[in-house]
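Novice: curious how this folds, go ahead:
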Amino acid sequence: MIDKLFHPQERVALFIDGANLYAAAKTLGFDIDYRRLLELFQGNCRLIRAYYYTALIENEEYSPIRPLVDWLDYNGYTMVTKPTKEFVDAMGRRKIKGNMDIELAIDMLELADHIDHVVLFSGDGDFRRLVEAVQRKGLRASVVSTIRSQPPMIADELRRQADRFLELSDLAERIQRVHAARGPGDDAPRFAQTG
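Specialist: Residues are numbered from 1 along each chain as shown. Next up, the predicted model:
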């Protein structure tokens, strides 16, 4: 499926909404192997950039996502992070917010003149207008998420806007972490995602 999606010389950029992709993969029952994910795209197109977006909890001694962020940063991903914001909701509950939508949108629009195809790893319906905007600039836009969860993790309007929808579970065999004995090249840390 992905092998026929790209022309070998097509300039492609990945935009990964970290919290959204993590939630979709967990719902489907697997962990992402980010080395395999990168290699899958590198083998099928001219991968210009792979962005990964996540909010980080500041001022905590240990952040479960920090090992992943550091590994991705050293292994071919462009990391875009910002600190989470803490607030108390109307019911008096402590809440943490860390939305990265604006950062992702700005980066995609700024890179649009240098690529042919965007691949968005998110099911967030707020990205429908962004996908439409890059399509108006002449880019193809593919979206990776899942409709095989209950409820589906992708907003219907985003799926309809995309030129191509890639079902995450169909990619699982090629990008999932193998939990057997760790071998060479399997040095990406295990992690928990916030978001």
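
Novice: ok, then the element right after the longest strand that the chain contains?
Specialist: Ranked by residue count, the top strand of the chain under DSSP state E comes out as strand 46-56. Once the chain leaves strand 46-56, the next helix or strand it forms, by DSSP states H and E, is helix 66-74.

Novice: elements contacting the host helix or strand of residue 20?
Specialist: In this assignment (DSSP H and E), residue 20 forms part of helix 18-28. When contacts are defined as 3 or more CB pairs under 8 Å, 6 or more residues apart in numbering; DSSP states H and E, helix 18-28 packs onto strand 46-56, strand 140-145, helix 168-175. In short, each C-beta sits where N, CA and C put it, glycine included.

Novice: lowest-confidence helix or strand of the protein?
Specialist: strand 94-97 (a mean of 69; mean pLDDT, DSSP states H and E).

Novice: other SSEs contacting the following helix or strand past that one?
Specialist: Going down the chain from strand 94-97, the next helix or strand is helix 101-111, by DSSP H and E. If you count contacts as 3+ CB pairs under 8 Å, 6+ apart, helix 101-111 packs onto strand 11-17, strand 46-56, strand 78-83, helix 128-136.

Novice: give me the mean pLDDT for the next helix or strand after the third one.
Specialist: Yep, that's strand 78-83 we're talking about. Using DSSP H and E, the helix or strand that follows strand 78-83 in sequence is strand 85-88. For strand 85-88, the mean pLDDT works out to 76.

Novice: now strand 85-88: buried residues?
Specialist: Going by neighbour count (16 or more other CB atoms under 10 Å), nothing in strand 85-88 comes out as buried.

Novice: name every strand pairing with that strand and say which way it goes.
Specialist: Using DSSP bridges, the strands paired with strand 85-88 are strand 94-97 (antiparallel).

Novice: residue 144 bridge partners, please.
Specialist: Under the criterion used (DSSP bridges), residue 144 bridges to residue 121, residue 166.

Novice: go ahead and confirm residue 24 touches residue 124.
Specialist: No: applying CB atoms under 8 Å as the test, residue 24 and residue 124 come out as separate, 10.6 Å apart.

Novice: these two - which one has more neighbours?
Specialist: Comparing residue 24 with residue 124 by other CB atoms under 10 Å, the one with more neighbours is residue 24, at 25 against 20.

Novice: residues contacting that one?
Specialist: Applying CB atoms under 8 Å, 6 or more residues apart in numbering, we find residue 24 in contact with 123, 145, 146, 149, 153, 168.
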